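In: Below is the sequence, then the predicted model.
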Amino acid sequence: MFEFTETITIHRPGSQVWQTLVDIETWWPPSNPEHIDIQVHSAGQPLDVGTRVDFEERVAGIRATAQGSITRWEPEREVAWEGDAVYRYYGIPLYVREGVVWRVESKGQTTDLSANVWARFTSPLFGRVIEWYATKLLNVVEKDRAHARCELEYLKNILDH
């Protein structure tokens, strides 16, 4: 398992950052060139705990499909997604349980926005071997950090301008 947190300061009140963050279908696709597709299954309802969110992307150049749902929803403070992803590395499927917790910390006219990202390889023995290979040889954690920073910088850019 690996986990990290990336944070960025945005020069907008927390309520504005939150409103942009939860409009994920608008900002997520263009926020990173590794993003391929996102589908929010909300049946016309506002996002909330239980809303299914599926996506396709590349992380560290490895293509993945993920299916999951919102597991935590605290308006204007925090939203969490958790799900199962299948990464395809040279045709070999790698099964990962993963998630992200987005936190909005309002500080008046500025806001700290953070993404706490975690991943756990689900196969006990094979998963440990793949995790070692991915973290030590492919440098997946640093590449995933760069992926998360790219999303945060995009949000900062659209909100600060």
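Out: Ah, there it is. Numbering: from 1, shown residues only.
In: which residues does D37 form a beta bridge with?
Out: E56 (DSSP bridges).
In: Sheet partners, orientation included, of the lengthiest strand in the chain?
Out: For the chain, the strand that runs over the most residues, judged by DSSP state E, is strand 92-107. When pairing is defined by DSSP bridges, strand 92-107 lines up against strand 78-89 (antiparallel), strand 110-121 (antiparallel).
In: Now do the buried residues in the last one.
Out: Yep, that's strand 110-121 we're talking about. For strand 110-121, the neighbour count (16 or more other C-beta atoms under 10 Å) marks T111, L113, S114, A115, N116, V117, W118, A119, F121 as buried. Placement of C-beta: from N, CA and C, glycine included.
In: for P13, what are its contacts?
Out: For P13, the contact set (C-beta atoms under 8 Å, 6 or more residues apart in numbering) comprises S106, G108, Q109, T111.
In: Between these, which sits nearest S31?
Out: S31 lies nearest to T111 out of these, by C-beta to C-beta, at 17.1 Å.
In: Which positions are bridged to the closest one in the beta structure?
Out: On the basis of DSSP bridges, T111 is bridged to I10, S106.
In: do G99 as well
Out: With DSSP bridges as the rule, G99 is bridged to E82, W118.
In: need the contact list for it.
Out: Neighbour list for G99: G68, T71, A80, W81, E82, G83, V117, W118 [criterion: C-beta under 8 Å, 6+ apart].
In: Over to Q39?
Out: Contacts of Q39 by C-beta under 8 Å, 6+ apart are V53, D54, F55.
In: residues touching the last one, list them.
Out: If I follow you right, that is F55. W28, H35, I36, D37, I38, Q39, T65, A66.
In: Weed out the non-buried ones from these.
Out: W28, H35, T65, A66.
In: What is the most widely separated pair among these?
Out: W28 and T65 (14.9 Å).
In: right, and E6 touches A146 too?
Out: No: E6 is beyond contact range of A146, at 9.1 Å (criterion: C-beta atoms under 8 Å).
In: Tell me which residues touch Q45, please.
Out: Taking C-beta under 8 Å, 6+ apart, we find Q45 in contact with T51.
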